[in-house]
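> After the sequence you'll find the predicted model.
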Amino acid sequence: MKKDSIYKEYLSDKKTIFTIFCLSIAFVLVILISFGVNLFFQPLNSSEFLTNLAISFALCVYCLYFGLPEGKNLYQKKQNGRYKIALINFQEIRGKVKIRDNEFNQWLEKYYQENKRDYLVAILTLHGNINPYVLDLDYSELDNLNKPFKKSWEGTEFEGREDTYFRSLNDDQIKIIKEIFEGKIKVEKIPNEFFKTINGKIILSEYVEQARINRKNTLTYAFLIFYRILMVFVFAFLFSVLGYNIATYSGDNLAQEVVGRVIQTVSRIWTMLSSFVYGFSVGKIIVMRESKILEYKTRVNELFLNDKNFVAVNENIIAKKEFDKYMEENDNERE
């Protein structure tokens with residue numbers, strides 16, 4: 001890597017910029033104090049302080065408002081950018097899948113059940129060597145797991161499976177299995193439309209992670225904006241509260257006024273520029289997350305097209321099975 005590219009990458013880091021800014025403030029303060037500037041704090045309830053704080057807040061919100069969409073717009077429209085490529089790939093694959101959306105809906109249910117089971121098996125693995133077939137047991141059989149246990153699948157939906165032998169489990173392991181059966185450990189289902197549209201709202205499992213991203217995105221963006229406003233308040237507070245007079249030239253009101261105006265102007269310009277840049281960077285974060293989501297949607301659509309073993313079932317047959325099950329349950333209740 002060339003030296004200039006290393007410097008460019010270093011200076012583009014937000015933490016680095018923040019550090020440089022803080023060091024610059026310290027540098028300026030050292031110069032002011034060395035030249036006899038005596039710094040002191042103005043009263044918090046002074047009209048000047050409240051006015052400066054209000055102006056800083058207004059400038060912050062104003063520049064954030066324009067910076068965020070500019071960042072999103074730039075990275076969404078960037079040719080050969082990650083979002084642009086992800087969008088093109090998604091639109092292309094959706095053109096192939098859309099004509100089979102009825103089949104796709106059934107496949108998505110299968111995909112959800114597979115991911116749900118994989119996630120729950122991963123949870124079991126975290127608690128020791130637990131046979132994943134415990135998930136196929138009846139809840140009433142779970143207490144048998146405190147000792148070696150043999151399960152025959154005859155007469156169940158898993159008929160044809162060989163008899164399964166379970167090792168004895170401890171109380172903590174049985175407890176986690178019961179929590180799964182009781183629905184205390186859930187796998188959120190992503191709506192089918194999420195995989196069909198560009199702007200569908202929404203890590204042991206990528207499926208589970210996408211569901212979480214969908215739920216947390218709004219909170220994340222709100223936190224980023226709140227964090228920025230808070231930081232601007234902190235700096236606005238420091239700049240607004242900071243009073244000054246010239247120790248060596250105590251009677252020079254003109255010099256004091258000039259220094260005050262300079263500090264005030266610098267603080268407001270910094271608030272504007274830093275807020276716009278921060279809003280711009282939040283826009284970039286949003287687009288990068290949207291790119292990841294589009295890439296995931298594309299992969300899921302491709303998995304459907306490449307699944308040669310999947311055979312869609314007539315919707316009427318599915319409805320009949322649900323009806324028969326409902327009638328059977330009602331008959332059992334009457335008996």
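All right, it came through fine. Every value quoted in this text rests on a predicted model; they were computed, and no experiment measured them.
> Am I right that residue 80 falls within a helix?
No: assessed with DSSP: H, G, I helix; E, B strand; the rest coil, residue 80 is coil; it does not lie in a helix.
> Check what contacts the helix or strand hosting residue 330 and list those residues.
Using DSSP states H and E, residue 330 sits within helix 315-334. For helix 315-334, the surrounding residues in contact (CB atoms under 8 Å, 6 or more residues apart in numbering) are residue 102. No exception for glycine: its C-beta is placed from N, CA and C like everyone else's.
> buried ones in that helix?
Residues of helix 315-334 classed as buried: none (neighbour count, 16 or more other CB atoms under 10 Å).
> in the stretch 51-200 of the chain, which segments are predicted with low confidence?
Under the criterion pLDDT under 70, the flagged ranges of the stretch 51-200 of the chain are 199-200.
> What are the boundaries of the helices in it?
In the stretch 51-200 of the chain, the helices defined using DSSP state H, counting those that start in this stretch lie at 82-97, 101-125, 171-181.
> Nearest to residue 155, out of those?
helix 171-181 (19.9 Å; CB to CB).
> sorry, back to before: what angle separates the helix holding residue 330 from helix 101-125?
Relative orientation of helix 315-334 versus helix 101-125 (axes from the mean of the first three to the mean of the last three CA atoms, to 10 degrees): 50 degrees.
> Render the CA-only coordinates of helix 315-334 in PDB, please.
Output of helix 315-334 as PDB, limited to C-alpha atoms (Å, rounded to 0.1, in the frame of the first residue of the first chain):
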ATOM      1  CA  GLU A 315     -53.100 -25.200  -1.900                       C
ATOM      2  CA  ASN A 316     -56.400 -27.000  -1.700                       C
ATOM      3  CA  ILE A 317     -54.600 -30.100  -0.400                       C
ATOM      4  CA  ILE A 318     -52.900 -28.000   2.300                       C
ATOM      5  CA  ALA A 319     -56.300 -26.500   3.300                       C
ATOM      6  CA  LYS A 320     -57.900 -30.000   3.400                       C
ATOM      7  CA  LYS A 321     -55.200 -31.200   5.800                       C
ATOM      8  CA  GLU A 322     -55.700 -28.300   8.100                       C
ATOM      9  CA  PHE A 323     -59.500 -28.900   8.000                       C
ATOM     10  CA  ASP A 324     -59.100 -32.600   8.700                       C
ATOM     11  CA  LYS A 325     -56.800 -31.900  11.600                       C
ATOM     12  CA  TYR A 326     -59.300 -29.300  13.000                       C
ATOM     13  CA  MET A 327     -62.200 -31.800  12.800                       C
ATOM     14  CA  GLU A 328     -60.100 -34.500  14.400                       C
ATOM     15  CA  GLU A 329     -59.200 -32.200  17.300                       C
ATOM     16  CA  ASN A 330     -62.900 -31.200  17.800                       C
ATOM     17  CA  ASP A 331     -64.000 -34.900  17.800                       C
ATOM     18  CA  ASN A 332     -61.400 -35.700  20.500                       C
ATOM     19  CA  GLU A 333     -62.700 -32.800  22.600                       C
ATOM     20  CA  ARG A 334     -66.300 -34.100  22.300                       C
END
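> what domains does the record give for this structure?
Here the domain parsing of the chain from automatic domain parsing is 1-34, 43-126+189-322.
> quick one, strands of this protein?
In the chain, the strands defined using DSSP state E lie at 37-41, 149-151, 164-166, 242-246.
> now for the second one, which elements pack on it?
Judged by 3 or more CB pairs under 8 Å, 6 or more residues apart in numbering; DSSP states H and E, the packing partners of strand 149-151 are strand 164-166.
> now what about the strand it packs on, what contacts it?
By CB under 8 Å, 6+ apart, strand 164-166 touches 131, 133, 134, 145, 148, 149, 150, 151, 153.
> Please spell out which residues along that strand are buried.
Quick answer for strand 164-166 (16+ other CB under 10 Å): 164, 166.
> For stretch 286-296, list every residue counted as buried.
286, 287, 290, 291, 292, 293, 294, 295, 296.
> Please apply the same query to stretch 155-169.
Here stretch 155-169 shows 164, 166, 169 as buried, counting by 16+ other CB under 10 Å.
> what's the answer for stretch 101-112, then?
Buried-residue list, stretch 101-112, by 16+ other CB under 10 Å: 103, 104, 106, 107, 108, 111, 112.
> Could you export the residues you listed to a markdown table, including columns for distance to residue 322?
Compiled in a markdown table, the buried residues of stretch 101-112 are given as follows (distance: CB to CB, whole Å):
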| residue | distance to residue 322 |
| --- | --- |
| 103 | 19 |
| 104 | 20 |
| 106 | 14 |
| 107 | 19 |
| 108 | 18 |
| 111 | 20 |
| 112 | 17 |
